[in-house]
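In: give me coordinates for this.
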Amino acid sequence: MNVAVLYLLLLKGTVTAFAGLASLTVIQDELVMQRHVLTYTQLNEAVVITRSTPGPVGLYVVSVGYFVAGVPGAIAGWLAMITPALLIIPLVHFMGRRMEHPRVKSILQTVVIASAGLLLAAAIPLVRDALTDPMTVVIAAISFALLLTTKLDTLWIILGAAICSWSVASLGILTRFV
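Out: Residues are numbered from 1 along each chain as shown. As a prediction, the model looks like this:
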């Protein structure tokens, strides 16, 4: 895939989403479903890789770029990730005091709600691809419950899930029951 086209597609996702993982829907649609240059598994891996490391949530775009086009793709992903931030600085300066206006607040709330809906829509196919056996379902359910009921950092939940999965695979526990 042409790196310039990859940059524009990733930029489309990052500019229209307004939040880290909310761009997932656009990127999934463009690269997985329409152009077939990325798989659901690779998209899952990109999200897991960047959620397991420090940095912004939207950093997964760099991993997506790498999976599609190697190091040039990662650079295109990084540029697509930082471009909206660089564009928003003049906009925030221009808006200034207008940010407290009720209409502007309503628009921003609407954008947040729309981003949450996009994130949910993108998560459903990723969940279907990731939940492959009873153990992954149990790990997902426990992780979800921990996220809802505790203030435990997601890094610890991911690490715990990885240790559980590795332990079960190493001991061959799942193969005894399936």
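In: list the contacts for the most centrally placed residue in the chain?
Out: The residue lying closest to the centre of the chain (C-alpha atoms, centre = their mean) is L21, at 3.6 Å. L21 is in contact with 47, 57-58, 60, 119, 122, counting by C-beta atoms under 8 Å, 6 or more residues apart in numbering. For glycine as for every other residue, the C-beta is placed from the backbone atoms N, C-alpha and C.
In: could you redo the last one with a cut-off of 6 Å?
Out: 57, 119 (C-beta atoms under 6 Å, 6 or more residues apart in numbering).
In: and if you look at S52?
Out: I158.
In: next one: it from T16, what distance?
Out: Using C-beta to C-beta, to the nearest Å, we find S52 at a distance of 26 Å from T16.
In: same deal with K105?
Out: Noted for K105: a distance of 20 Å to T16, by C-beta to C-beta.
In: ok, now L119?
Out: Applying C-beta to C-beta to L119 and T16 gives a distance of 13 Å.
In: L159 now?
Out: Using C-beta to C-beta, L159 is found at 32 Å from T16.
In: ok, now V111?
Out: Applying C-beta to C-beta, the value for V111 to T16 is 10 Å.
In: same deal with L152?
Out: Distance of L152 to T16, given as C-beta to C-beta: 31 Å.
In: of L159 and T16, give the one with the bigger neighbour count.
Out: T16 (15 against 12; other C-beta atoms under 10 Å).
In: understood, closing this out.
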